[in-house]
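Undergrad: task: produce atomic coordinates for the following.
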Amino acid sequence: MIRIAETEYGLVKGLPAADPRITAFKGIPFAAPPVGENRWREPQPCSPWEGIRPAYEFGSISVQDTPGLGDDIYCREWHVDPDIPMSEDCLYLNIWTGAKSKEEKLPVLVWFFGGAFQWGYTAEMEFDGERLARRGIIVVSVNYRLNVFGFLAHPELTAEQRDTPTNFAHLDQQAGLLWVKRNIYNFGGDPENITIAGQSAGGMSVLVQITNPLNQGLFQKGIIQSGLIRSPYPSGFFGVPPKLQDAEALGTEFFAFLGVQSLSQARKLDPFYLLQKYNEFVQSHPRMMTVQDDKFCFGDPPYLYLKGHHVQVPLMAGNTSDEFLVGIQAETADKYKNKAAQCFGEEVDTFLRFKEAWHYREGIGYGAVNAIEFTTKALILASSEMGNPNCAYYYQFMPEIPGWDKPGAFHSVDLWFSFETLAKCWRPFTGKHYDLARKMANYWANFIKSGDPNGLDHDGSPLPEWKPYTKDTPCQMLFTTEGPEPVIEQTSEFKRFLIEHITEDILQHTETNHAKETSL
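TA: Here you go, the predicted structure:
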């Protein structure tokens, strides 16, 4: 087993995982601490160390709200430890490898966690990479800066560092990926067979990285779990990055809120005081996240993907069945018609003729749909029609999830299954859930190895065949309580209408804004 490995900065020593055939290396620095003058700066090189550095524990999590203090579903699920170490010094990654020698060249998964770009960390217990590593892949999880530390923009920053004015979180992710490219061979990995993956904001990060042309050749596949979030209704246009000048204006307001006169003063503030003031600031201002700076992020990522401006790689993407449900809220039929007209314009009569448009769901409204499902299908189909030669595989996670809270297939619950870590969860999962997790993890591992999720289950029997999602054969893999079920979708006219509407909305929103800017 590889227990000691060489990195570009020095030797590291890992420990046997629960399965001693796997070595876990935790808390390996991939960049210098982003503190002091390195706050709000692209990740800088580490200082080398002498001797062998123990890699036995996770590095400190990024500065964020203290985990485990609430009673929400995520504090019950995995944000359970309010004493977990937290620091601005947070640029560390973790590796699980079953390689016995460097020459094995195993396929590599690089994982980006989610949390709305405000919260989250690699030490979350559902992200334990051991079970996937047992399937002959190497798992790497990369920590990155969050919230104001990861996404502040300000005119002084732009003047000081024109090539990297903001998006420090995404630069951290890229730095981790580049570290993997340069060093993973020494852990038994193949630097030419890397899959980037993430869920929620981590999935959004995958799309940001895929639509950055500077990343060509850094990875060969992508997995986006619940990360394509747009709505066909006027309930919010999710995730459109603000332009740099707008983000700079927000940063200027934040500095005024802090009472600082310069970037130099802001870099000297205590990080936890900064977080406190940021939390006060976002009560009346937008939270800071991905910015279109035209240096790292070159536009709205879904738009760029729709237009074919992305690294060409096979894709696996999907959603859970009960997340991000959206509809049109209205007290009366007349008010509903008016709101629908505002949304669909000249096509409103077509929309209102669908019987599904009149289905009402309490708390959601009329015409309730899963925003991520429709957005994911829109992007996959449009990309295919653009001539993308790479396969795209769509899934929907929809098993019964046990527990006193009766949560349904909620946002993020699939992580227990794709990492096959549900034994760590408090929920009373039964044998069928464990069978489903095993098969999901097998599909994921197969895709990471070859770009094709199909293969054998642990008993040697073939997994149900999962075909790519295309216009002619819209195959969706349904992960149900009874197991994986591939289904050729009978797409209704209502679904087709909304998928086309999301596509047009993404295209028109960006192109209309571009036309306005050009005319100024």
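Undergrad: mean confidence for stretch 47-54?
TA: For stretch 47-54, mean pLDDT rounds to 97.
Undergrad: for that stretch, buried residues please.
TA: Arg53 (16 or more other CB atoms under 10 Å). Glycine gets a C-beta too; all of them are placed from N, C-alpha and C.
Undergrad: change the start of the numbering to 802 and stick with it
TA: Sure, I'll start numbering at 802, so the last one becomes stretch 848-855.
Undergrad: can I get it in CSV? Just the C-alpha atoms.
TA: Extracted as CSV, the C-alpha positions of stretch 848-855 are listed here (Å, rounded to 0.1, in the frame of the first residue of the first chain):
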residue,chain,number,x,y,z
SER,A,848,6.3,26.6,1.3
PRO,A,849,8.1,23.3,1.1
TRP,A,850,8.6,21.3,4.3
GLU,A,851,11.4,19.0,5.6
GLY,A,852,10.9,15.4,6.5
ILE,A,853,7.6,13.6,6.4
ARG,A,854,4.4,15.6,7.0
PRO,A,855,1.6,13.6,8.8
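Undergrad: hmm, who's touching it?
TA: 805, 810-814, 829, 833 (CB atoms under 8 Å, 6 or more residues apart in numbering).
Undergrad: equivalent analysis for stretch 1280-1294, please.
TA: With CB under 8 Å, 6+ apart as the test, stretch 1280-1294 has contacts from 1155, 1157, 1196-1201, 1215, 1218, 1233-1234, 1236-1237, 1240-1241, 1244, 1264-1268, 1274-1279.
Undergrad: the same query, at a cut-off of 6 Å, please.
TA: 1198-1201, 1233, 1237, 1240, 1265, 1267, 1275-1279 (CB atoms under 6 Å, 6 or more residues apart in numbering).
Undergrad: now it: buried residues?
TA: Residues 1280-1281, 1284-1285 are the ones in stretch 1280-1294 that count as buried (16+ other CB under 10 Å).
Undergrad: centre of the chain to that stretch, how far?
TA: 24 Å (CA atoms, centre = their mean, to the nearest Å).
Undergrad: distance between the ends of that stretch?
TA: 24 Å (CA to CA, to the nearest Å).
Undergrad: give me the mean pLDDT for that stretch.
TA: 95.
Undergrad: which one is Ala1246 nearest to, not counting chain neighbours?
TA: The shortest distance from Ala1246 to any non-neighbouring residue, by CB to CB, 6 or more residues apart in numbering, is to Arg936 (3.9 Å).
Undergrad: check what pLDDT the one you found gets.
TA: Per the predicted model, pLDDT is 98 at Arg936.
Undergrad: ditto for Asp1150
TA: You'll see Asp1150 listed with a pLDDT of 96.
Undergrad: hang on, it in a helix?
TA: Yes: counting by DSSP: H, G, I helix; E, B strand; the rest coil, Asp1150 is part of a helix.
Undergrad: based on its surroundings, how many neighbours for it?
TA: Counted by other CB atoms under 10 Å, the residues lying close to Asp1150 total 11.
Undergrad: do you know how far it is from Phe928?
TA: According to CB to CB, to the nearest Å, Asp1150 stands 48 Å off from Phe928.
Undergrad: what secondary structure does Val941 sit in?
TA: Per three-state DSSP, Val941 ends up strand.
Undergrad: count the neighbours of it for me.
TA: 29.
Undergrad: show the contacting residues for it.
TA: Here Val941 is in contact with 894, 896, 911, 981 (CB under 6 Å, 6+ apart).
Undergrad: and stretch 1058-1067, end to end?
TA: 11 Å.
Undergrad: can you list contacts of it?
TA: Here stretch 1058-1067 has contacts from 957, 1078, 1082, using CB under 6 Å, 6+ apart.
Undergrad: kindly indicate which of those residues lies nearest Glu1049.
TA: Distance to Glu1049, by CB to CB, is smallest for Glu957 among those, at 9.1 Å.
Undergrad: which element, helix or strand, includes that closest one?
TA: In the assignment (DSSP states H and E), Glu957 maps to helix 956-961.
Undergrad: state the helix or strand in which Tyr945 lies.
TA: Here Tyr945 sits in a region with no helix or strand, counting by DSSP H and E.
Undergrad: follow-up on the earlier one: most widely separated two among the contacts of stretch 848-855?
TA: The largest separation in these, counting by CB to CB, is between Ile805 and Ala833 at 23.1 Å.
Undergrad: what's the local residue count around Val881?
TA: 14.
Undergrad: got the contact list for it?
TA: Neighbouring residues of Val881 by CB under 6 Å, 6+ apart: Gly869.
Undergrad: isn't there a strand covering it?
TA: No: read with three-state DSSP, Val881 is coil and lies in no strand.
Undergrad: now it: phi and psi?
TA: Reported as degrees, to the nearest 10, the phi and psi values for Val881 are phi -110, psi -10.
Undergrad: ok, Leu812 next?
TA: Dihedral angles (degrees, to the nearest 10) for Leu812: phi -80, psi 150.
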